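**Student:** for reference, the sequence and a predicted model appear below.
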Amino acid sequence: MSSFIHSFKRATVGLLCLVLLSSLMFIGTEVEAGSEPIRKIEIKTDRALHQYTDIAAFLKGAKLIYPKKSVVKKFNFYMIYDDKERNELYIIEKGKAKPGKYECWVEIELKPGYHFDNDSNVTATLNGKRLDWWQANSYFNNQQGQGARVLTALRRYKVTFKTAGGTPVPPVQWVIEGQKPKVPKQPVKTGYTFLGWWHDVPRFSEKWNFNEQLYQDLPLIAEWEPIPTKKTTTTTKKTTTTTKKTTTTATTTPLITETTTPLPEEPTTTTTEMIEPTTTEATIELTTTSEAVEPDVSYSEHDDWWIKSTDEKSGGGGFSLTTFLFTIGGVIVLAGFGILMYMLGRRKK
């Protein structure tokens, strides 16, 4: 009997360990990101590098996309200019870019627990193109690395427009060497037809084709053609007016005047009759009808307000409170059962 109890104890302990291990599966553990070496480096700038680019703004606009900030301790991005006139290399931090080559350097230091993979397995890019070289420092357990890529600042050319009286006047365009200028909005001039944009130097020497690449400054001028006017013909009709003369003859008849002696008139007596005014009264009866309209209000009451839904679930991730409580309860029951069996074994001894 005692051997059975000992076997049961061992089985109980093993079952408890299994239950605790399964409960940890529901809770989950976070895997440390530094356990995997970093094989990707991605850097982007918010503007292109060409002639007249603001150097300080270009350096400030460089962002490290990957690896993420949470694993990076330090990130440096700077440029070295290859000055052919002075025949030297030097770090440049401000001013306007000149035509020529610039070395863009990248330095990255990772936080403790993170490291770069071997150089051959790392893909480092600047604006989508691979760096010319990348190297991790093995002396610091590959926590630090640096690389560089050469960028060429191309020339930019100025394109100006003259409309010769037309509107609107297109703005100045700055076009990178080898690219095409954009077609501006067509101007309008009253009484003229627009024929296109022509070279201004020499004036109207050649019409410009906007599909051509640009390798110099380009002044353009609008060419116009007058719209022909229509001739207006006026016809005058002659009208003759005839006047007819009319003669009027007047006849004079002598007027005979008779004298009449008036008879004496009797005095006229005027009798004034007082007429009482008749007053007509019109009584207007105003009837005011006031109707009180009671609002039709419907009340919808639920007789089952005291019933609560049992389908409500508490939001969460991988951890389930119900599962965890059942697990703890099972552990307690098994522990109690093991203690009970142990007490029974001691009594039988």
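**Tutor:** Yes, it's here. What you are looking at is a predicted structure, and each value in this text was computed from that prediction instead of being measured.

**Student:** quick check, K111 in contact with K74.
**Tutor:** No: with contact defined as Cβ atoms under 8 Å, K111 does not reach K74; the gap is 9.5 Å. The way it works is simple: take the backbone N, C-alpha and C, and place the C-beta from them, glycine included.

**Student:** quick one: which of the two has more around it?
**Tutor:** K111 (14 against 10; other Cβ atoms under 10 Å).

**Student:** excluding its backbone neighbours, what's nearest the more buried one?
**Tutor:** Counting by Cβ to Cβ, 6 or more residues apart in numbering, K111 lies nearest to K73, which is 4.9 Å off, once chain neighbours are set aside.

**Student:** pull out the buried positions in stretch 51-69.
**Tutor:** Going by neighbour count (16 or more other Cβ atoms under 10 Å), the buried part of stretch 51-69 is 51, 53, 55, 58-59, 62, 64, 67.

**Student:** where's the residue nearest to K111 relative to G113, distance?
**Tutor:** 11 Å (Cβ to Cβ, to the nearest Å).

**Student:** now the nearest residue to T125 once chain neighbours are set aside. Its backbone dihedrals?
**Tutor:** Distance criterion Cβ to Cβ, 6+ apart; nearest residue to T125, sequence neighbours excluded, is E42 at 5.5 Å. With angles defined as degrees, to the nearest 10, E42 sits at phi -130, psi 130.

**Student:** tell me, how many neighbours does E42 end up with?
**Tutor:** Counted with other Cβ under 10 Å, residues neighbouring E42 total 15.

**Student:** what's the answer for A148, then?
**Tutor:** For A148, the tally of surrounding residues (other Cβ under 10 Å) stands at 19.

**Student:** quick one: the buried residues of stretch 51-69 as TSV, columns for pLDDT and secondary structure too.
**Tutor:** Converted to TSV, the buried residues of stretch 51-69 look like this (pLDDT from 0 to 100; DSSP: H, G, I helix; E, B strand; the rest coil):
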residue	pLDDT	secondary structure
Q51	91	coil
T53	93	coil
I55	95	helix
F58	95	helix
L59	95	helix
A62	95	coil
L64	95	strand
P67	94	coil
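
**Student:** which one of the residues you listed is nearest Y215?
**Tutor:** Q51 (13.2 Å; Cβ to Cβ).

**Student:** so what's that closest one closest to, chain neighbours aside?
**Tutor:** Counting by Cβ to Cβ, 6+ apart, the residue nearest Q51 is R156, at 4.5 Å.

**Student:** tell me how far the one you found lies from A48.
**Tutor:** Taking Cβ to Cβ, one finds R156 at 10 Å from A48.

**Student:** which one of those two has more residues nearby?
**Tutor:** Shown here are R156 and A48; by other Cβ under 10 Å, R156 has more neighbours (19 against 12).

**Student:** need the contact list for the more buried one.
**Tutor:** By Cβ atoms under 8 Å, 6 or more residues apart in numbering, the contact list for R156 reads 50-52, 174-177.
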